[in-house]
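A.B. asks: what follows is a predicted protein model with its sequence.
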Amino acid sequence: MGADFVILSLTPLLIGTLAAIACALPGNFLILRRQALIGDAISHVVLPGIVVAFLITGTTSTWPMMLGAAGAAIVAVILIEAIKRLGRIEPGAAMGVAFTALFAFGVLLLEQSDTSNVHLDVEHALYGNLESLIWFGADGWGSLLDRQALAELPPELGRMAAVTAVIAILTLVFWRPLKISTFDEGFAGTIGIPTAAIGFGLVVTAAVAAVAAFDAVGSIIVIAMFICPPAAARLMTNRLEAQIWWSLFFAILSAVLGFVLAGYGPLWLGGEDAVSAAGMIATVSGVILGLACLYAPHRTRIGAPATPD
């Protein structure tokens, strides 16, 4: 049983957990800045960028995917500005039109192009590839100390671990300017903090997390993890530092519980087949947010501002 867990479940569980953490960290500041839908927008922009990058390069390696997503983000910014100026509509409406159109374009490209040989299709884009990230080189817990077995770990695990570590380090390094500019942008500007650069850096960080997580977990869980754990954490406390820790706890709980329920839940209920792990992780994160809305200490003060530590 232990060997089966290491081979079949350990790496998908770790990758899902790391993806949840990487998205939840910047998600806290997006929530407090009232920019929560940027996470949703990023996940929409990532899809056409990744598909175009694959069609041009013929590979799904990391750097082409990152460059494709960055190019799509630039196109999105230009498109939003054009819609705002030509249509004379509010920024929120322009964002909705631009991101919906780009996501639809990405889905159309997936449907019309031959990407099945690399497992890049609509279902993959939405729900990811988490269950297939099996550690074929493992034969039990002893493989964690075996260099040859470790070399055969799914590459998504190393990429997701590196991105999560970088995001955690950036959060620590820029904690003070992030905190000040989030709670009082005017004051932050007067003391010399480049608020525009900090805001742009936050969006870029969220985009990097989304791109890194996209291949393994798809866009559904990316959207959920940007919003649900930080929003639930916001209802648990009015202190920023505590909110960060609560969001990480909810993200990890969602990933672990969702993965277990996806694999074993249907069997417990008499079913024969497992369900999508990414979809169940997103569902659990939504349930946690719903419970926080009902029972969290600050559920009646959702409009109240958080307090910097």
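C.D. replies: Alright, I've got the coordinates. Numbering: from 1, shown residues only.

A.B. asks: show me the shaky parts of the stretch 101-250 of the chain.
C.D. replies: Across the stretch 101-250 of the chain, the ranges flagged by pLDDT under 70 are 113-128, 215-216.

A.B. asks: would you map the helices across it?
C.D. replies: Ranges of helices in the stretch 101-250 of the chain, per DSSP state H, counting those that start in this stretch, are 122-127, 147-150, 155-173, 175-183, 185-190, 195-236, 240-268.

A.B. asks: out of the ones you listed, which one sits most buried?
C.D. replies: Highest mean neighbour count among the helices of the stretch 101-250 of the chain (mean count of other Cβ atoms under 10 Å): helix 195-236, with a mean of 24. C-beta here means a position set from N, CA and C on the backbone, and glycine is covered the same way.

A.B. asks: got the angle between that one and helix 155-173?
C.D. replies: Computed by axes from the mean of the first three to the mean of the last three Cα atoms, to 10 degrees, the angle separating helix 195-236 from helix 155-173 equals 100 degrees.

A.B. asks: one step back: JSON lines for the helices of the stretch 101-250 of the chain, including distance to Gly68?
C.D. replies: Listed next are the helices of the stretch 101-250 of the chain as JSON lines, based on distance: least, Cβ to Cβ, whole Å:
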{"stretch": "helix 122-127", "distance to Gly68": "13"}
{"stretch": "helix 147-150", "distance to Gly68": "30"}
{"stretch": "helix 155-173", "distance to Gly68": "15"}
{"stretch": "helix 175-183", "distance to Gly68": "28"}
{"stretch": "helix 185-190", "distance to Gly68": "32"}
{"stretch": "helix 195-236", "distance to Gly68": "9"}
{"stretch": "helix 240-268", "distance to Gly68": "26"}
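
A.B. asks: against Gly218, how distant is the nearest residue to Val166 once chain neighbours are set aside?
C.D. replies: The shortest distance from Val166 to any non-neighbouring residue, by Cβ to Cβ, 6 or more residues apart in numbering, is to Val208 (7.7 Å). Using Cβ to Cβ, to the nearest Å, Val208 is found at 17 Å from Gly218.

A.B. asks: ok, now how distant is the closest residue in space to Gln243 that isn't next to it in sequence from Leu79?
C.D. replies: Among residues not flanking Gln243 along the chain, Ala233 sits closest, at 4.6 Å (Cβ to Cβ, 6+ apart). Taking Cβ to Cβ as the measure, Ala233 falls 33 Å from Leu79.

A.B. asks: on that earlier part again, show me what contacts the residue nearest to Gln243?
C.D. replies: Applying Cβ atoms under 8 Å, 6 or more residues apart in numbering, we find Ala233 in contact with 28, 242-247, 249-250.

A.B. asks: quick one: which of these is nearest Ala98?
C.D. replies: Proximity to Ala98 was ranked across these by Cβ to Cβ; first place goes to Asn28, at 25.2 Å.

A.B. asks: how about that closest one, what does it touch?
C.D. replies: Per Cβ under 8 Å, 6+ apart, neighbours of Asn28: 230, 233-234, 240, 243-244, 247.

A.B. asks: distance check, it against Glu131.
C.D. replies: Note on Asn28: its distance to Glu131, by Cβ to Cβ, is 29 Å.

A.B. asks: next: Val107.
C.D. replies: Separation of Val107 from Glu131 (Cβ to Cβ): 22 Å.

A.B. asks: what's the answer for Met225, then?
C.D. replies: Separation of Met225 from Glu131 (Cβ to Cβ): 18 Å.

A.B. asks: for Pro26, report the pLDDT, please.
C.D. replies: On the pLDDT scale, Pro26 is placed at 92.

A.B. asks: got the angle for the helix or strand where it lies vs helix 195-236?
C.D. replies: Assigned by DSSP states H and E, Pro26 belongs to helix 11-32. If you take the same axes, to 10 degrees, helix 11-32 sits at 110 degrees to helix 195-236.
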